[in-house]
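Novice: Take this sequence and fold it.
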Amino acid sequence: MRYSLLLLLFFPFLSFSQIGGSDGFSNLQSLASGSEMFRSFDDRFKGVEGYPTLFEQYVPGKITLSRGREVVHPLVNYDIFSDELVVRRNNLDVVVSRSMVKSFVLLNVEDSLYFVKVQFKDGEKFCEELLKGRLKLYKLNSKSIKQANHTGAYSSGKVYSQFEESVTYYWQSGESVPVEIKNKKTFVDELKAAHGVDVSDFVKDNHINFKDSVDLLKMFTHINSLL
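Specialist: Residues are numbered from 1 along each chain as shown. You can find the predicted model right below:
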């Protein structure tokens, strides 16, 4: 019964799949194979302002499965509160099993965002890959719930709990554990110790903002050109 529901929900992928014929149908079957969870509308976040996903609305996306197959779907989102890939079908939020996903792309109005699974000390997480090369640059989006702190009629606190988003950047050399980019001094020292490269002058001359993805991309592109 559950297997039939899985196939029914994912059958529309057939018309969008980049894999045709029997391979395409086999791909749908593997994506719908028993390890997915299904969420209909629920009240987990009732009374919480905002939304748990990266985008407020679902966007077109392409999912690359662990065996290399690709599936395109018009309604995809990334739940950055729970670190889950979600597709929308028949008013259901379908959580795609992490073990089956190698990477995915979300296409919004401004840009296409490429996400990969990255191994951290505390497990795998989806990260936006900003740059490939000798050194990789990742952006990790997450959300937490900031609880309401309104304590009375004259309180200036928040009446409702709300989602609060945070962004953390990481760099990675080879297959080593990604290193958080905490601040300018820490990064410059860690890079010099690991690779013998001093970018302090480049950082100063280019006024690199270590909380800005464009500046970090510029800096890491320069670093990779030196390695």
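
Novice: Hmm, Ile208 and Met219 touching each other?
Specialist: Yes: Met219 is in contact with Ile208 according to CB atoms under 8 Å; the separation is 5.2 Å. Glycine gets a C-beta too; all of them are placed from N, C-alpha and C.

Novice: Spell out which residues are contacts of both of those two.
Specialist: Both Met219 and Ile208 are contacted by Phe202, under the criterion CB atoms under 8 Å, 6 or more residues apart in numbering.

Novice: Have a look at the two and say which one is more surrounded.
Specialist: Shown here are Met219 and Ile208; by other CB atoms under 10 Å, Met219 has more neighbours (24 against 18).

Novice: which outside residues touch stretch 141-150?
Specialist: For stretch 141-150, the surrounding residues in contact (CB under 8 Å, 6+ apart) are 45, 48, 50, 52, 54, 78, 80-81, 83, 128, 155, 157-168.

Novice: make it 6 Å
Specialist: The contact list for stretch 141-150, computed with CB atoms under 6 Å, 6 or more residues apart in numbering, reads 48, 52, 80-81, 157-167.

Novice: Show me which of those residues are buried.
Specialist: Val48, Pro52, Ile80, Phe81, Ser161, Gln162, Phe163 (16 or more other CB atoms under 10 Å).

Novice: Just put those residues in a markdown table and tack on secondary structure and distance to Lys139.
Specialist: Below are the buried ones among the contacts of stretch 141-150 laid out as a markdown table (DSSP: H, G, I helix; E, B strand; the rest coil; distance: CB to CB, whole Å):
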| residue | secondary structure | distance to Lys139 |
| --- | --- | --- |
| Val48 | strand | 24 |
| Pro52 | coil | 18 |
| Ile80 | coil | 11 |
| Phe81 | coil | 16 |
| Ser161 | strand | 26 |
| Gln162 | strand | 22 |
| Phe163 | strand | 18 |
